[in-house]
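K.L.:
Got a predicted structure plus its sequence, pasted below:
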Amino acid sequence: MSHVALRPAVRYWFYQPYTGHFLSGNLSAALYDVGTEKSYRRGWMAGAGFSYGYAWPLSPRWNFSLEAGIGLYYICLLYTSPSPRD
């Protein structure tokens, strides 16, 4: 099993950076090569999403945030077989 993924994101803070309400947007891309003894799949995916969150400061260098979002992804299956050896 192997995969590589890239997911850059940006956040817009409404009041003060790193504290309070924020909106976030992201782009995603990945290559994957996964399988078990019963199935094997290889391909790539790409997508975009956005989310809303809130962050609470815990200390000057740490905070706790909750975030919920939605995204739309396209998955391209390049190869599939019943087992990795086929």
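P.N.:
Yes, it's here. Note that the structure is a prediction, hence the values are computed from the model and not measured. Residues are numbered from 1 along each chain as shown.
K.L.:
Any stretches of the protein with poor pLDDT?
P.N.:
For the chain, applying pLDDT under 70 flags the ranges 83-86.
K.L.:
residue contacts, the nearest residue to residue 1 once chain neighbours are set aside?
P.N.:
Take residue 1 and drop its neighbours on the chain: the residue closest to it by CB to CB, 6 or more residues apart in numbering is residue 34, 4.7 Å away. Using the backbone N, CA and C atoms, a C-beta is placed for each residue, glycine as well. For residue 34, the contact set (CB atoms under 8 Å, 6 or more residues apart in numbering) comprises 1, 2, 3, 40, 41, 42.
K.L.:
From those, pick the one nearest residue 20.
P.N.:
residue 3 (34.3 Å; CB to CB).
K.L.:
what about that closest one, neighbour count?
P.N.:
Per other CB atoms under 10 Å, the neighbour tally for residue 3 reads 11.
K.L.:
what's the helix or strand for it?
P.N.:
strand 2-6 (DSSP states H and E).
K.L.:
Give me the sheet partners of that strand and which way each runs.
P.N.:
The sheet places strand 2-6 alongside strand 20-35 (antiparallel), with pairing taken from DSSP bridges.
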